[in-house]
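Asks: generate coordinates for the sequence data below:
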Amino acid sequence: MADLETTNPETPHAAHNGSLKELAFFFLRLGITAFGGPAAHIAIMEDELVRRRKWLSREKFLDLLGASSLIPGPSSSELAIHIGYLRAGWAGLVVGGVCFILPAAIMVGIIAWAYVRFGHLPAAAGLLYGVKPVVIAVILQALWGLGRTAVKSWALAIAGAACLLLSVAQVNVVLILLAAGAALATIHGLSERRGGKPKATPVLSLLAVRRGARAMHAKIFPWVGATGVAAVIPGMWPLFLIFVRIGSIVFGSGYVLLAFLRADLVAHRAWVTDAQLVDAVAIGQITPGPVFTTATFLGYLLRGPAGALVATVGIFLPAFILVAISGPLVPLLRRSATAGVFLDGVNVASLALMAAVSYQLGRSAIVDWLTMGMAIASAVLLLRFRVNSAWLVLAGAAIGIAARLARGA
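Replies: Below you'll find the model as predicted:
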């Protein structure tokens, strides 16, 4: 074990030399400029940290992405937390996550204040019009680079294609990830058994891991199965518990988050209306950074600035705890042949899900000749000239606002 840790430059022990200041600056900037949702955030991290800064290898990035996809919570935020831990240990874990989340939370809090004060959402159509086609190009660039690394065999290619079809068919995200990993691990185990090597049954091993993970999850978050509190304007503690509960069980996109929020806050407790909830999710999606900052908006509506802080901490806290538990286990998974194959399957499935999301985003982003031209130009600048994606996002925002103003004139 000691030999492995001293020879592997990507263990957290070796990564402690990473600068906290550099880490904080990068994730603060990402939190300000990362429009487009989790797929875009992941693509920008890959472009900046794997291609440009060489902070980690593409293989390691894929492993962290797979690990983030397997636990509940905001996947891009959890990836930032994982990278912070890899780069600068436990302090980096906190700094990476907080610096990515904080800018978006502040922006959403300011918008929530304006919403309460003026009764409507600030206009953002022009901004999104220009940013979305650029984001599509950024995601495609990441899919191309990560896909070449992740698809190591025909079995992985077939698994990725199957996962893409299942995602289009709207099969549960977690089921797709686990099925891909378990199927490939089972095939690997059977092939080794035919070769005469004694091996524990992979499916039974994976079921044992799943049971253990569920038991650990129940110990850490005992309130997950609770029905909650009475349907009144909440106190701070009930508000905190509700958002911790949601943050500890929600997998998937902002649309999945919307379903959980509606069940808890509208249908069950009547704390907010459907219209307020839709506005909250819209704000989480049009601002840069994690979509889970929807909680900041709802917390402000319910209890003002203090409520915004409590709701934000509540919904993101499980992500920090789960990454702290699972992060050190990722290198151990790689040292086991069967577990490594399982993680390869999860990685390919994660990319397939990302591809399905990019297709859905593309249909809503490329709506005319200008947006098509912006997407193509952005792809050329990224792939051929390796222009920094953050500058392209800002340029897209400026072009979108200018185009909408010109059409309105």
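Asks: pLDDT weak spots in the stretch 251-400 of the chain?
Replies: In the predicted model, the stretch 251-400 of the chain carries pLDDT under 70 at residues 251-256, 258-259, 278, 281-282, 285.
Asks: skip ahead from the longest helix that the chain contains and say which helix or strand is next.
Replies: When the chain is parsed with DSSP state H, its longest helix is helix 75-118. On the C-terminal side of helix 75-118, the closest following helix or strand by DSSP states H and E is helix 125-150.
Asks: what packs against that following helix?
Replies: Applying 3 or more CB pairs under 8 Å, 6 or more residues apart in numbering; DSSP states H and E, we find helix 125-150 packed against helix 38-45, helix 58-70, helix 154-168, helix 337-365, helix 369-383, helix 389-408. Where C-beta positions appear, they are placed from N, C-alpha and C, glycine not excepted.
Asks: next, the contact list for the residue lying closest to residue 362 once chain neighbours are set aside, please.
Replies: Leaving out its chain neighbours, the residue that sits closest to residue 362 by CB to CB, 6 or more residues apart in numbering is residue 136, at 5.0 Å. By CB atoms under 8 Å, 6 or more residues apart in numbering, the residues touching residue 136 are 358, 361, 362, 365, 366, 375, 378.
Asks: how about a cut-off of 10 Å?
Replies: By CB atoms under 10 Å, 6 or more residues apart in numbering, residue 136 lies in contact with 36, 39-40, 43, 358-359, 361-366, 371, 374-375, 378-379.
Asks: now do residue 40
Replies: Contact analysis of residue 40 by CB under 10 Å, 6+ apart lists 34, 76, 131-132, 134-136, 138-139, 142, 288, 354, 357-358, 361, 389, 393.
Asks: spit out the contact partners of the residue nearest to it when sequence neighbours are not counted.
Replies: Sequence neighbours aside, residue 135 is the residue nearest to residue 40 in space, at 4.5 Å (criterion: CB to CB, 6+ apart). Neighbouring residues of residue 135 by CB under 10 Å, 6+ apart: 34-37, 39-41, 43-44, 128, 358, 361-362, 365, 375, 378, 389, 392-393, 396.
Asks: just the buried members of the residues you listed?
Replies: Among the contacts of residue 135, those classed as buried by 16 or more other CB atoms under 10 Å are 34-37, 39-41, 43-44, 128, 358, 361-362, 365, 375, 378, 389, 392-393, 396.
Asks: quick check: the residue nearest to residue 40 vs residue 95, distance?
Replies: As defined by CB to CB, to the nearest Å, residue 135 lies at a distance of 26 Å from residue 95.
Asks: now residue 386: which helix or strand?
Replies: Assigning secondary structure by DSSP H and E places residue 386 outside every helix and strand.
Asks: surely it touches residue 379?
Replies: No: between residue 386 and residue 379 there is no contact, the gap being 12.0 Å when judged by CB atoms under 10 Å.
Asks: mutual contacts of these two, please.
Replies: residue 141.
Asks: those two - which one has more neighbours?
Replies: Legend: neighbour count by other CB atoms under 10 Å for residue 386 and residue 379, higher for residue 379 (19 against 12).
Asks: thinking again about what came up before, and the helices and strands packed on helix 125-150, which is most packed in?
Replies: Stretch with highest mean neighbour count among the helices and strands packed on helix 125-150: helix 38-45 (a mean of 26; mean count of other CB atoms under 10 Å).
Asks: between it and helix 75-118, how many degrees?
Replies: Helix 38-45 runs at 120 degrees relative to helix 75-118, counting by axes from the mean of the first three to the mean of the last three CA atoms, to 10 degrees.
Asks: for helix 38-45, give the mean pLDDT please.
Replies: On average, the pLDDT along helix 38-45 is 86.
Asks: export it as PDB, just CAs?
Replies: Taking C-alpha atoms only, helix 38-45 is exported to PDB below (Å, rounded to 0.1, in the frame of the first residue of the first chain):
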ATOM      1  CA  PRO A  38     -23.800  20.200 -15.300                       C
ATOM      2  CA  ALA A  39     -22.800  18.900 -18.800                       C
ATOM      3  CA  ALA A  40     -21.300  22.300 -19.600                       C
ATOM      4  CA  HIS A  41     -19.600  22.600 -16.200                       C
ATOM      5  CA  ILE A  42     -18.000  19.200 -16.700                       C
ATOM      6  CA  ALA A  43     -16.900  20.100 -20.200                       C
ATOM      7  CA  ILE A  44     -15.300  23.300 -19.100                       C
ATOM      8  CA  MET A  45     -13.400  21.600 -16.200                       C
END
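Asks: tell me how far residue 102 lies from residue 141.
Replies: Taken as CB to CB, the span from residue 102 to residue 141 is 27 Å.
Asks: more crowded one of these two?
Replies: Comparing residue 102 with residue 141 by other CB under 10 Å, the one with more neighbours is residue 141, at 22 against 18.
Asks: report the separation between the more buried one and residue 385.
Replies: 12 Å.
Asks: one step back: looking at the helices and strands packed on helix 125-150, which is nearest to residue 174?
Replies: In terms of CB to CB, the element of the helices and strands packed on helix 125-150 nearest to residue 174 is helix 58-70, at 7.8 Å.
Asks: that closest one: how far from the chain's middle?
Replies: 11 Å (CA atoms, centre = their mean, to the nearest Å).
Asks: what helices and strands are in contact with that helix?
Replies: Applying 3 or more CB pairs under 10 Å, 6 or more residues apart in numbering; DSSP states H and E, we find helix 58-70 packed against helix 38-45, helix 75-118, helix 125-150, helix 173-194, helix 294-326, helix 329-335, helix 337-365.
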